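Participant: quick one: sequence and predicted model below, then my questions.
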Protein chains: 2
Amino acid sequence: MRHLELIGVDGLPEVRPGDDLGALIGARAKLQAGDVLVVAQKAVSKAEGRLVDLATVTAGDEAVRISSGLIARPDPRMVQVVLDESVRVLRSERVLITETRHGYVCANAGIDHSNTGGRGILTLLPLDPDSSAGKLRDRLREVTGVEVGVIVSDTFGRPWRLGIVNIALGVAGVPALVDLRGTPDDNGEALHATVLAVADDIASSAGLVMEKTARTPAVVVRGLALQGSGSGRDLIRPAAEDLFR
Amino acid sequence: MRHLELIGVDGLPEVRPGDDLGALIGARAKLQAGDVLVVAQKAVSKAEGRLVDLATVTAGDEAVRISSGLIARPDPRMVQVVLDESVRVLRSERVLITETRHGYVCANAGIDHSNTGGRGILTLLPLDPDSSAGKLRDRLREVTGVEVGVIVSDTFGRPWRLGIVNIALGVAGVPALVDLRGTPDDNGEALHATVLAVADDIASSAGLVMEKTARTPAVVVRGLALQGSGSGRDLIRPAAEDLFR
């Protein structure tokens, strides 16, 4: 019988720039070899100091224009920060969907102003979420002696479907995709087009234990039997192959 | 500490049209009140007889034309079945993305030819996945005496991201969306735009236990503390509000 456990890491303090996230989590999660730790991007971004104080931002003309067309009428300075983090604007009517410098397509470049630790403070996505995941994995090994996988997750909206789901931004020590193409099915025919986005499914599962308004930014996923190691970049569809960009 | 368990339901036989899926699952899953049972669409479709034998299909001109432009060069009769199940074609170059009669936007209208129980046999999506979920929930209550939630899931691709993830088609006895809008965050500010697609996160988590090539079409999710009840339709973004359709 396949059996998985999802265990919230309790008792983490509010994370601040410079905090040793690996030590904070390692002291509270009873990690076992083969576990995958899913950590919310916001905790990682805070520890890495990826914060912007709106008071230091001046909105340009484009940011002011875009802001006026958005349903939420965000502070134009926030729109400016989104533009600064983006390489391309996909939609700027009603909601602002951009492609970030990493290649993620999401609302507001993943920038957030809730649970940031203070009013007027924005969190930005980590500069390199795979590197963030890898460093956290290394630190957890140092602190606990245990080899785990790490996924840095965030909640993204989707076209066609309502609501946000947790997805994998950065990945270390666990595969991002599991390619079943060519594996025979029960009829002996090849399974076409079956590449599982397993790191996204793992992030989603952890999203059930994280609570948006509570402080459970880290979740242990136990019982996965996955081989190999991938990257969050594996999950980004190249723009040239993307029919909806 | 928040703690969830995901338990695969083992030992299910190959499902055939007319099978009593609730009795088959109820006899093998040790269900507890409050559990959510996630069942793969293919098992539901087989039990409901949502099967098409390609030998009975004649491809029309549009199906022949579309097939020749697709990377997989599918049997034009399969394309004909996809068109029959769809109300709109979104993309037909390289891959075939349509909007189904239910409103789902996905590849090949969710029609599949792997693990269907025989060569040349296609599975179609259930006619009404919410009704399928509700009937299975009722039958599980009859058979086991236990009240559970039910999600009928399928694996869908996504724009912008590679790989497929498990999502919720039909929902009964469990919410589809959890709306946190207006809930104060840790700063006392409202959490904007935070509607969690919890049924999709649940389906994704179960996807980690289902195996595409093995017979684990049903997974018990234990430990969720969700109130209320939703519908798979709650998760479908209305076409008029969809910026990418």
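Facilitator: Received, thanks. All values reported here derive from a predicted model rather than from experimental measurement.

Participant: rest of the way, CA atoms for contacts and neighbours
Facilitator: Will do.

Participant: tell me how far the longest helix belonging to chain A lies from the chain's centre.
Facilitator: Taking DSSP state H as the criterion, chain A has its longest helix at helix A:129-144. Centroid displacement of helix A:129-144 relative to its chain, using CA atoms, centre = their mean, to the nearest Å, is 15 Å.

Participant: helices or strands next to that helix in the packing?
Facilitator: Judged by 3 or more CA pairs under 8 Å, 6 or more residues apart in numbering or on different chains; DSSP states H and E, the packing partners of helix A:129-144 are helix A:21-26, strand A:149-156, strand A:165-172.

Participant: verify the stated contact: A:S205 with B:S204.
Facilitator: Yes: between A:S205 and B:S204 there is a contact at 6.3 Å, judged by CA atoms under 8 Å.

Participant: need the residues touching each of those two.
Facilitator: Between them, A:S205 and B:S204 share no contacting residue under CA atoms under 8 Å, 6 or more residues apart in numbering or on different chains.

Participant: for the nearest residue to A:S45 once chain neighbours are set aside, list the residues it contacts.
Facilitator: Nearest non-adjacent residue to A:S45, counting by CA to CA, 6 or more residues apart in numbering or on different chains: A:P126, 5.4 Å away. Neighbour list for A:P126: A:Q41, A:V44, A:S45, A:E48, A:R50, A:S132 [criterion: CA under 8 Å, 6+ apart].

Participant: so which bits of the longest helix of chain A are buried?
Facilitator: Using 16 or more other CA atoms under 10 Å in any protein chain shown as the test for burial, helix A:129-144 gives A:129-134, A:136-141, A:144.

Participant: I'd like the residues you listed as TSV, with pLDDT appended.
Facilitator: Putting these into TSV (pLDDT from 0 to 100) gives the following:
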residue	pLDDT
A:P129	98
A:D130	98
A:S131	98
A:S132	98
A:A133	98
A:G134	98
A:L136	98
A:R137	98
A:D138	98
A:R139	98
A:L140	98
A:R141	98
A:T144	97
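
Participant: hang on, A:R16 in a strand?
Facilitator: No: counting by DSSP: H, G, I helix; E, B strand; the rest coil, A:R16 is not found in a strand; it is coil.

Participant: A:D84: neighbouring residues, count only.
Facilitator: 12 (other CA atoms under 10 Å in any protein chain shown).

Participant: quick one: pLDDT of it?
Facilitator: pLDDT, A:D84: 97.

Participant: tell me where the model's unsure across chain A.
Facilitator: A:1, A:184-193, A:212-214 (pLDDT under 70).

Participant: residue contacts, A:V219?
Facilitator: A:L6, A:I7, A:G8, A:V9, A:L37, A:V38, A:V39, A:A206, A:V209, A:M210.

Participant: pull the number of nearby residues for A:R161.
Facilitator: 21.

Participant: and it, how far from chain B?
Facilitator: The gap separating A:R161 from chain B is 5 Å, by CA to the nearest CA, to the nearest Å.

Participant: torsion angles phi and psi at that residue?
Facilitator: Per-residue torsions, A:R161: phi -120, psi 150 (degrees, to the nearest 10).

Participant: check A:A206 too.
Facilitator: phi -70, psi -30.

Participant: if we can go back for a sec, kindly identify which of the contacts of A:V219 also come near chain B.
Facilitator: Contacts with chain B within the contacts of A:V219, as defined by CA under 8 Å from any CA of the partner chain: A:L6, A:I7, A:G8, A:V9, A:V209.
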